[in-house]
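okay, predicted coordinates and the sequence, questions at the end:
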Amino acid sequence: MSSHGIVNFLQIHPLFGVGVMLLGGYMLGRLAGSIGLPEITGFIVTGLLMGGEVFGIVGDTAADDLAVITEVALALIAFTIGSELRFQKLKRMGKSVGWITVSQLALTFALVALTLSFTSLSWPVALLLAAVACTTSPAAIVHVVQSTRARGRFVDRLFATVALGDALAIAVFGIVLALVPMMLGGDVAPSGLLWNAISELSVSIVLGAVIGAILSISTRRLHHSGEILIITLGFVFISTAMAVAANLSPLLINIVAGATVANLSKEHIRVFRSLEPLTPPVYALFFVIAGTKLRPSVLVMPETLLLGGLFIAARAAGKYFGAAAGATLGGADAPTRRWLGISLFAHAGVALGLVLLLQAAPQLEMMPPLPQEVVQTAVNVVLMSVFINEITGPIFASIAVRRTLRLED
């Protein structure tokens with residue numbers, strides 16, 4: 001095999017990509033940690049350097065072949081964060097989590113939609129991007145908290161806010177997407193589309209609850225962590241595949257499944273603890289793969305710079321001031337009012353998954369087609385937000401978690 005052929009092989013073979021991503025992510029993650037940055041920043045930078053626009057070590061074909069790792073990571077992250085939605089814990093936290101979640105989501109949606117409506121984007125596209133802006137990267141939050149080994153009221157509220165907020169954001173996106181054909185003048189019945197969206201969300205919730213209940217029963221009498229891990233992964237993988245096949249929400253299904261296990265089983269901690277050995281490599285690969293998808297050239301496009309900058313600023317303001325207002329209304333403590341908002345800036349997998357639906361959603365086939373350049377502009381805006389917020393977001397979250405740890409001690 002010629003040297004050129006070897007290079008091509010290395011660029012497209014998935015196992016080579018996995019090995020390089022793990023080793024490169026580990027080294028740059030340690031480097032980031034040594035200079036006071038979250039190691040997640042090193043993972044993302046590793047992917048950026050390995051992507052096609054920099055060194056091209058991992059080609060697009062290899063990155064696409066590894067898409068299943070992204071699905072697995074998001075499923076495990078959603079399942080894990082669903083465990084924070086235990087009714088007893090939520091009851092102890094009082095009404096503050098509900099106020100914070102709804103307030104930050106509503107203000108973020110309103111600010112982003114209003115801001116983008118004054119640009120070249122149409123109202124329907126602005127509303128869709130506003131719904132995408134409501135999401136927060138649960139992977140970044142989980143990783144920052146795990147790496148700092150933080151515990152306490154602030155972390156409990158943060159996890160619950162992210163879990164509830166992403167679930168509601170998915171619901172909002174589904175409803176807005178169902179109403180877009182009507183707003184664009186498509187020859188469709190809006191009530192039918194809205195009913196379909198609500199039905200898909202309802203089925204996702206019911207399916208997640210059923211899978212969580214079966215998993216809880218299946219692991220109740222098991223004590224060996226290996227057996228629990230096998231059964232848990234089996235159910236999480238099956239639920240994710242079913243969601244993808246049926247155009248349901250894998251994230252919502254796994255959040256509900258995790259919440260169901262946490263509330264039904266007194267021994268639920270054994271289920272979630274069995275997943276802990278998998279999280280370091282899976283999370284590392286998830287963020288490195290996310291980094292390979294980032295395109296620095298997007299940042300130099302004037303329209304993307306303008307729209308992306310407005311999107312990022314409006315989203316940050318909505319997250320920060322919405323969380324602060326909700327914490328005040330809910331009677332939360334001072335550290336929560338001050339620091340929870342900046343912990344919600346991270347933006348990644350969930351947002352990318354939603355915005356890419358704009359290119360393939362079945363609802364869009366029933367209305368006047370959006371110009372391709374409009375769809376691509378919307379995708380670029382979210383990519384820029386992911387590029388900026390997935391690097392800076394974990395830094396802000398790490399600062400907030402460490403500051404609140406000192407205050408609670």
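Structure's in. What do you need? Numbering: from 1, shown residues only.

host element of A139?
If you go by DSSP states H and E, A139 is part of helix 138-148.

buried set for that helix?
The neighbour-count check on helix 138-148 (16 or more other Cβ atoms under 10 Å) flags 138-145, 147 as buried. The way it works is simple: take the backbone N, C-alpha and C, and place the C-beta from them, glycine included.

what's the answer for stretch 228-235, then?
Buried residues in stretch 228-235, counted by 16+ other Cβ under 10 Å: 228-229, 231-233, 235.

same check, this time on stretch 16-29
17-18, 20-22, 24-26, 28-29.

now for those residues, which pair is the farthest apart?
Pairwise distances across those (Cβ to Cβ) peak at 17.2 Å, for the pair G17 and G29.

got the angle for the helix or strand following the helix holding A139 vs helix 138-148?
Following helix 138-148 in sequence order, the next helix or strand is helix 153-183 (DSSP H and E). With axes from the mean of the first three to the mean of the last three Cα atoms, to 10 degrees defining the directions, helix 153-183 sits at 170 degrees from helix 138-148.

helix 153-183: what's the following helix or strand?
Downstream of helix 153-183 (by DSSP H and E), the next one is helix 190-219.

mind checking which of the buried residues of stretch 228-235 are in strands?
Applying DSSP state E to these, no entry is found in strands.

will you turn those residues into TSV that also has pLDDT and distance to R157?
Converted to TSV, the buried residues of stretch 228-235 look like this (pLDDT from 0 to 100; distance: Cβ to Cβ, whole Å):
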residue	pLDDT	distance to R157
I228	88	28
L229	90	29
I231	91	31
T232	91	26
L233	92	29
F235	92	28
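
looking at those, which one is closest to Y283?
Of these, the one sitting nearest to Y283 (Cβ to Cβ) turns out to be L233, at 15.4 Å.

distance of that closest one from S218?
12 Å (Cβ to Cβ, to the nearest Å).

not counting the helix or strand harbouring Q88 itself, show me its contacts.
Q88 is located in helix 87-93, with elements delineated by DSSP H and E. When contacts are defined by Cβ atoms under 8 Å, 6 or more residues apart in numbering, helix 87-93 is touched by residues 97, 153, 156-157, 160, 263.

in those, which has the lowest confidence score?
Least confident by pLDDT among those: that is R153, with 80.

okay, now that one: neighbour count?
Using other Cβ atoms under 10 Å, the number of residues around R153 comes to 16.

correct me, but it touches A334?
No: counting by Cβ atoms under 8 Å, R153 stays clear of A334, with 11.4 Å between them.

pLDDT score assigned to the closest residue to C134 other than its chain neighbours?
Excluding its sequence neighbours, the residue lying closest to C134 (Cβ to Cβ, 6 or more residues apart in numbering) is A169, at 3.8 Å. Looking at A169, its pLDDT is 83.

what's the answer for L194, then?
64.

find the nearest non-adjacent residue to E39, please.
Here the residue nearest E39, using Cβ to Cβ, 6+ apart, is G29, at 3.6 Å.

surely that neighbour and Y283 touch.
No: with contacts counted by Cβ under 8 Å, G29 stays clear of Y283, the gap being 10.3 Å.

what's F235 in contact with, if anything?
Contacts for F235 were tallied using Cβ under 8 Å, 6+ apart; they are 211, 214-215, 218, 257.

the helix or strand T240 falls within to helix 190-219, inter-axis angle?
Taking DSSP H and E as the criterion, T240 maps to helix 225-245. Angle between the axes of helix 225-245 and helix 190-219 is 170 degrees (criterion: the same axes, to 10 degrees).

next secondary structure after helix 225-245?
Per DSSP H and E, the first helix or strand lying C-terminal to helix 225-245 is helix 250-264.

show me what that next one is packed against.
If contacts are counted by 3 or more Cβ pairs under 8 Å, 6 or more residues apart in numbering; DSSP states H and E, helix 250-264 sits against helix 67-82, helix 153-183, helix 190-219, helix 225-245, helix 268-274.

longest helix in this structure, by residue count?
Using DSSP state H to define each element, the chain has its longest helix at helix 372-408.

against V102, how distant is V142?
Between V142 and V102 the computed distance is 22 Å (Cβ to Cβ).

likewise A397?
A397 is 21 Å from V102, by Cβ to Cβ.

neighbour count for these two, which is higher?
A direct count of neighbours by other Cβ under 10 Å for A397 and V102 places A397 higher, at 28 against 18.

ok, that one - contacts?
Residues near A397 by Cβ under 8 Å, 6+ apart: 38, 140-141, 144, 342-343, 345-346.

and the closest residue to L344 other than its chain neighbours, what element?
Leaving aside its sequence neighbours, L344 sits nearest to K319 (Cβ to Cβ, 6+ apart; 4.4 Å). Taking DSSP H and E as the definition, K319 sits inside helix 302-329.

buried set for the following helix or strand past that helix?
Once the chain leaves helix 302-329, the next helix or strand it forms, by DSSP H and E, is helix 334-339. For helix 334-339, a neighbour-count test (16+ other Cβ under 10 Å) marks 335-339 as buried.

might one say that F311 is in contact with V386?
No: applying Cβ under 8 Å as the test, F311 and V386 come out as separate, 10.9 Å apart.

which one's more surrounded, those two?
Each of F311 and V386 has its neighbours counted (other Cβ under 10 Å); F311 has more, 28 against 25.

contacts only, for the more buried one.
112, 115-116, 129, 133, 381-382, 384-385.

now those in TSV, with pLDDT, neighbour count and distance to L76?
Compiled in TSV, those are given as follows (pLDDT from 0 to 100; neighbours: other Cβ atoms under 10 Å; distance: Cβ to Cβ, whole Å):
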residue	pLDDT	neighbour count	distance to L76
V112	94	26	29
T115	94	22	34
L116	91	25	33
L129	88	30	28
A133	91	30	25
V381	84	28	28
V382	81	22	23
M384	82	23	27
S385	85	26	24
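
V244: which of those residues is nearest?
Checking the contacts of F311 one by one against V244 (Cβ to Cβ), the nearest turns out to be V382, at 20.4 Å.

let's see the pLDDT reported for I269.
Confidence score, pLDDT, at I269: 81.

typo on my end, E408
At E408, the model reports a pLDDT of 55.

before we move on, what about I253?
88.

correct me, but it touches F237?
No: the pair formed by I253 and F237 falls short of the contact definition of Cβ under 8 Å, at 11.8 Å.
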